[in-house]
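J.: Please find the sequence and the predicted model below.
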Amino acid sequence: MTGSSSKRHTLAWFAVGLALLVVVLVGSLMIGAFSIGIGGTMRWMTGTGSPDDVAGRVLWSIRLPRVLGAAVVGAALAAAGAALQGTFRTPLADPHLLGYSSAAGVGAAFGFALTPPGSYPMLPVVLSALIGLLFGLATVALRTRTGTDRFLLSGVAFGFALLAWTGIFVLLVDSPRVPTFLFFVFGSLAATTWKTLIVATVAVVPALFVIWHHARGLDLLSLGNAEALALGFDTRRLVPVIVAAVGVAVGASVVLGGVVGFVGLLVPYVLRPLVGPTHRILIPAAAIGGAILVVVADTFARTVASPAEIPLGLITAALGGPFLGWLLLRRSPA
Amino acid sequence: MILSASALRYRTEGSTLIDGVDVEMGPGDLVAVVGPNGAGKSTLLRLLAGALRPTAGEIALDDAPVGSLSAERLARLRAILGQQQAADVAFTVEEVVEMGRYPYRNDPSNGPEADRRAVRSALAALDLGGLEQRTVASLSGGERQRVAIARAIAQDTPLLLLDEPTTALDIRHQELVLRILTTLASEGRTVGAVLHDLTLATRFDRVLLLREGSIAAAGSPLDVLTSERLTDVYEHPVTVVDHPLGFGRLVLPIPMP
């Protein structure tokens, strides 16, 4: 029961977050190899530009899907991180660290290999989401058998192996249909199209809704599995549902942006002290925060060494890694 | 709420923890479950709560087999206090007590006002005023224990099963908890508690004394908690004397020579 003052507090954070998201989305649209500037962006957004100017075409067919794709990837990964941390009761649970992203990468690579160029990437999303989901269920089974340390380490081990298999597969297939090795290892939104964005979003949005729907159950899990069950949260049935939804969201994000690390770890960690541990608030807050982070990171990725691209995952790790390390060291040990 | 269990047996990892136990508790009952370490007290409590599935035997709440009830339905019928409370909980005291209302979230007859009332009165009953906005992680062990009891009370169930509710509590709060349990029973609820403090058990209505997974004795504290029986079951000399002011009896161990 949050008091009305803390409710206002939370609403204020959401307002700030959403405003910031809009600012970075518009800002990211303006910036790029082909400089458009605020005037050009505004003319295009308000529909007052000429229909066939280059700026409009760059914005509509290249930059807008990519910027929105970055937001979807960030929202999916950060919300997935928050949900996994709640489910497994450790702030180190993260879709990348636990191997969900790498597992989904195997499915995505197979799916791309079988999909004709230029069509909607249904098969990559289905396979990637399916493998993400199955991997998630496997981690639940694993968690009930092992302590936290071994659980996290086994996730790291499987994650490395699956990432390696994806890499080997991509190198052996060597098909123009399959995204590059770098895409699967470090992530990239360079190839985002409207078709990829639509298919991935259709999978991510319901998955995030399922996670959010069980937010109160995730709160109960913080007391322990037995306590949550005693309070009527059917852990045996609903934990698999939550984790399956995480697998689907992560799987779809991998088809869109490849394997991107740190977002699921960093965003909930930064937001928890600001908005509190309540998952009903934390999950949407993480989605907004993740979207902001990845939109900004992707803007760096495509502009810092323009016209060359730096893989997205390198940016999130290069900037997120030290930041998270600093946050962890700054706090006195709990 | 009538809780009845018959011929309960629970085996795990090759050993039998509970063997042929029958329990019957009804509205207004205040039952203490006592016995030496490893006698199966907590296991019995978890079986009765439906948190463990018995190897053999039946457990029913008002004639409904516990196994047939959904987690949510069960949570509206019985509250459990576990033996240990998680320490690293980032939620506030008020939020954790409010979690006791989770089973009612889909109940159309339960509005936010009923939730607020239940949370407020549970916080007040456990003397948690002033701590509502503190995080559970920042509390002492005894305060955490009181938060957990408040959560169980906010759950507002006809049956309460508590594993060592007075552990980590100072004498004032031990007495407070005992008074709360007595009041809950007098309201017609069924209350069962595992206790280590045998003196406290003398003030319960009924006592179930366990030894090696079976019932060594059951009945009124006067009949069950005798010097001879406790000396035998605990394998240590014990004397039981009347409380000098007339409040139940005192169970005192006799130091080894």
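T.: Okay, I see it. Residues are numbered from 1 along each chain as shown, chains lettered A, B, ... in the order given.
J.: And stretch B:39-52, how far out from the chain middle?
T.: Distance of stretch B:39-52 from its chain centroid, counting by C-alpha atoms, centre = their mean, to the nearest Å, is 10 Å.
J.: Kindly report the same for stretch B:214-230.
T.: The answer for stretch B:214-230 is 19 Å, by C-alpha atoms, centre = their mean.
J.: neighbouring contacts of that stretch?
T.: B:18-22, B:32, B:34-35, B:198, B:201-210, B:233, B:238-240, B:248-249, B:251 (C-beta atoms under 8 Å, 6 or more residues apart in numbering or on different chains). (Each C-beta comes from the backbone N, C-alpha and C, glycine too.)
J.: So which of the residues you listed belong to helices?
T.: B:198, B:201, B:233 (DSSP state H).
J.: Can you tell me which of those is nearest residue B:78?
T.: residue B:201 (21.1 Å; C-beta to C-beta).
J.: Can you get me a residue count around the closest one?
T.: For residue B:201, the count of nearby residues is 25 (other C-beta atoms under 10 Å in any protein chain shown).
J.: Could you double-check that it lies in contact with residue B:195?
T.: Yes: in this structure residue B:201 lies within contact range of residue B:195 using C-beta atoms under 8 Å: 4.9 Å.
J.: residue contacts, residue A:228?
T.: Contacts of residue A:228 by C-beta under 8 Å, 6+ apart are A:217, A:220-221, A:235.
J.: Quick check: residues of chain B near chain A?
T.: Residues of chain B found near chain A (C-beta under 8 Å from any C-beta of the partner chain) are B:49, B:51, B:70-76, B:79-80, B:82, B:85-86, B:88-91, B:94-96, B:98-100, B:102-103, B:105, B:115-116, B:119, B:137, B:155.
J.: Now do the same contact list for the closest residue to residue A:217 other than its chain neighbours.
T.: In space, and not counting its chain neighbours, residue A:217 is closest to residue A:233: 4.2 Å by C-beta to C-beta, 6 or more residues apart in numbering or on different chains. By C-beta under 8 Å, 6+ apart, the contact list for residue A:233 reads A:216-217, A:220-221, B:71, B:102.
J.: picking that back up, any shared contact partners between residue B:201 and residue B:195?
T.: B:32, B:34.
J.: Tell me how far the residue in the stretch 201-334 of chain A positioned nearest to chain B lies from residue A:188.
T.: Nearest residue of the stretch 201-334 of chain A to chain B (C-beta to the nearest C-beta) works out as residue A:232 at 2.9 Å. In this structure, residue A:232 and residue A:188 are 44 Å apart, going by C-beta to C-beta, to the nearest Å.
J.: Quick one: list the elements packing against the host helix or strand of residue A:25.
T.: Per DSSP states H and E, residue A:25 falls inside helix A:4-30. Counting contacts by 3 or more C-beta pairs under 8 Å, 6 or more residues apart in numbering or on different chains; DSSP states H and E, helix A:4-30 packs against helix A:37-45, helix A:64-88, helix A:263-275, helix A:279-303.
J.: residue nearest the centroid of chain B?
T.: Centroid-nearest residue in chain B: residue B:162, 1.7 Å away (criterion: C-alpha atoms, centre = their mean).
J.: Pretty sure it sits against residue B:189.
T.: No: assessed by C-beta under 8 Å, residue B:162 is found out of contact with residue B:189, at 11.7 Å.
J.: got the residue ranges for the helices in the stretch 101-250 of chain A?
T.: A:122-145, A:148-173, A:181-186, A:194-213, A:215-221, A:225-230, A:235-257 (DSSP state H, counting those that start in this stretch).
J.: same thing with the stretch 51-200 of chain B?
T.: Using DSSP H, counting those that start in this stretch, helices in the stretch 51-200 of chain B cover B:71-77, B:93-98, B:112-125, B:141-154, B:171-186, B:198-201.
J.: Export these to TSV and append columns for mean pLDDT.
T.: Formatted as TSV, these follow (pLDDT from 0 to 100):
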stretch	mean pLDDT
helix B:71-77	95
helix B:93-98	96
helix B:112-125	95
helix B:141-154	96
helix B:171-186	96
helix B:198-201	96
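J.: can you list these in CSV and add distance to residue A:246?
T.: Shown next, in CSV, are those (distance: least, C-beta to C-beta, whole Å):
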stretch, distance to residue A:246
helix B:71-77, 21
helix B:93-98, 24
helix B:112-125, 29
helix B:141-154, 28
helix B:171-186, 40
helix B:198-201, 46
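J.: Among those helices, which comes closest to residue A:313?
T.: helix B:93-98 (35.8 Å).
J.: Which strands and helices lie in contact with the closest one?
T.: helix B:112-125, helix B:141-154.
J.: buried set for the last one?
T.: Under the neighbour-count criterion of 16 or more other C-beta atoms under 10 Å in any protein chain shown, helix B:141-154 has B:143-154 buried.
J.: Got the phi and psi for the one residue in the stretch 151-257 of chain B that gets nearest to chain A?
T.: Residue of the stretch 151-257 of chain B nearest chain A, by C-beta to the nearest C-beta: residue B:155 (7.2 Å). When read as degrees, to the nearest 10, the backbone of residue B:155 gives phi -70, psi -20.
J.: List the contacts of it.
T.: Contacts of residue B:155 (C-beta under 8 Å, 6+ apart): A:231, B:75-76, B:79, B:100-101, B:103.
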